[in-house]
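Engineer: sequence and predicted structure, then a few things I'm wondering about:
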Amino acid sequence: MIIGHKRQTEYFKKVLSKGALAHAYLFFGPERVGKRAFAEGIAKSLLCEKKKRGIESCGTCQSCEKVEAGRHENITVLSVSETLLSKKEERKDIPIEDIRELKRMLSFAPAGDAWRIIIVDGAERLSVPAANAFLKILEEPSVQTIFFLISSEPEYVLATIRSRAQGIYFSLVSSDEISEFLASESVSKSRHGEIIRVAAGRAGVAVLAAREKSEFEEEKKFLESVEAALSKGAPHFFPFTERAASDEGTRVRAAREVLRILERRMQEEGDFGRALAIAKKVKNVVRIRDVMTQTNVNPRMSLDLIFIEGAGV
């Protein structure tokens with residue numbers, strides 16, 4: 001289900017009605033705003049056996065049911081957690097072995113001579129060898145094949161890959177759109193306010209609240225931990241940053257939450273001078289986060305600096 005993103009929906013309705021799809025798109029924007037869900041929605045419409053107009057699909061044919069179940073033979077997903085190889089393991093990036101397997105798969109015609117859809121979820125996580133190999137695939141696209149690259153950090157996607165994909169920006173969705181979705185899922189009205197606060201415009205978090213309550217509660221707990229740490233300020237947040245810094249995924253997530261909180265406060269700030277000061281803090285947090293994730297700098301020190309920037313705003 002697509003929540004919000006009406007501008008993107010209207011654009012793809014026109015593109016599909018004219019049969020003018022590009023061979024590759026880069027969907028970028030904040031995490032969990034529905035970029036992948038949108039790509040899957042287009043895939044569903046392209047493969048729908050009843051071929052409805054625009055990006056709509058019947059939702060009931062065998063093809064639509066396969067897409068919903070995540071097992072359509074004409075859709076291939078690459079991500080850190082979804083591998084094309086049989087070996088399952090903890091991965092920090094998408095390795096070149098997956099791209100080699102993708103290339104092998106693309107050498108065969110798609111099932112039923114229909115569209116073949118490749119979704120790269122986390123395109124910035126392609127390793128350097130994988131990105132270079134993937135670029136060659138993009139330069140010589142197979143017939144009836146469309147690529148959707150998904151990224152919340154497009155600046156880390158190989159520049160030559162970005163140049164060969166049409167960029168589509170996805171912003172945060174409105175509280176009204178999230179509330180409308182929650183109502184359609186029969187979520188109690190009394191929970192809407194809490195869910196909207198935690199989601200903060202991220203449609204994917206609202207979906208968790210409606211369908212994966214345990215995951216939503218974990219997201220809520222983590223957000224509240226970051227907010228509490230920021231409100232206490234230094235040195236009171238040091239125990240939290242010490243725990244968070246010990247795990248790469250957790251420290252990156254913590255930095256991302258601080259950045260998101262600062263951006264939200266900047267947007268809500270009515271005083272221009274204060275908003276400008278917060279904007280400078282956002283810039284500093286981005287710089288420190290990039291150093292933390294791309295170099296061998298002390299992660300605990302980096303995370304402390306990020307929380308110092310975010311505290312007291």
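Structural biologist: That came in fine, so what should we check first? Given the structure is predicted, the values throughout are model-derived calculations rather than measurements. Numbers count the residues shown, from 1 in each chain.

Engineer: pLDDT (mean, whole number) over the helix or strand hosting residue 117?
Structural biologist: According to DSSP states H and E, residue 117 maps onto strand 116-121. Strand 116-121 shows an average pLDDT of 96 in the prediction.

Engineer: buried residues in the next helix or strand after it, which are they?
Structural biologist: Toward the C-terminus, strand 116-121 is succeeded by helix 128-139 as the next helix or strand (DSSP H and E). Neighbour counts over helix 128-139 (16 or more other Cβ atoms under 10 Å) mark 130-131, 133-135, 137-138 as buried. Backbone N, C-alpha and C define where each C-beta goes, glycine included.

Engineer: strand partners of the strand holding residue 117, parallel vs antiparallel please.
Structural biologist: When pairing is defined by DSSP bridges, strand 116-121 lines up against strand 75-78 (parallel), strand 145-151 (parallel).

Engineer: just how off-centre is the shortest one within its chain?
Structural biologist: Centre-to-centre, strand 75-78 and its host chain are 15 Å apart (Cα atoms, centre = their mean, to the nearest Å).

Engineer: before we move on, what about the longest one?
Structural biologist: Centroid separation for strand 145-151 versus its chain: 12 Å, with Cα atoms, centre = their mean.

Engineer: show me what the helix or strand following that strand is packed up against.
Structural biologist: Toward the C-terminal end, the helix or strand that comes next after strand 145-151 (DSSP H and E) is helix 159-162. Here helix 159-162 touches helix 128-139, going by 3 or more Cβ pairs under 8 Å, 6 or more residues apart in numbering; DSSP states H and E.

Engineer: repeat that for 10 Å
Structural biologist: Applying 3 or more Cβ pairs under 10 Å, 6 or more residues apart in numbering; DSSP states H and E, we find helix 159-162 packed against strand 24-28, helix 128-139, strand 145-151.

Engineer: for residue 178, find the nearest of the ones you listed.
Structural biologist: Closest to residue 178 of these is strand 24-28 (Cβ to Cβ; 19.3 Å).

Engineer: spatially nearest residue to residue 91, not counting backbone neighbours?
Structural biologist: residue 80 (5.0 Å; Cβ to Cβ, 6 or more residues apart in numbering).
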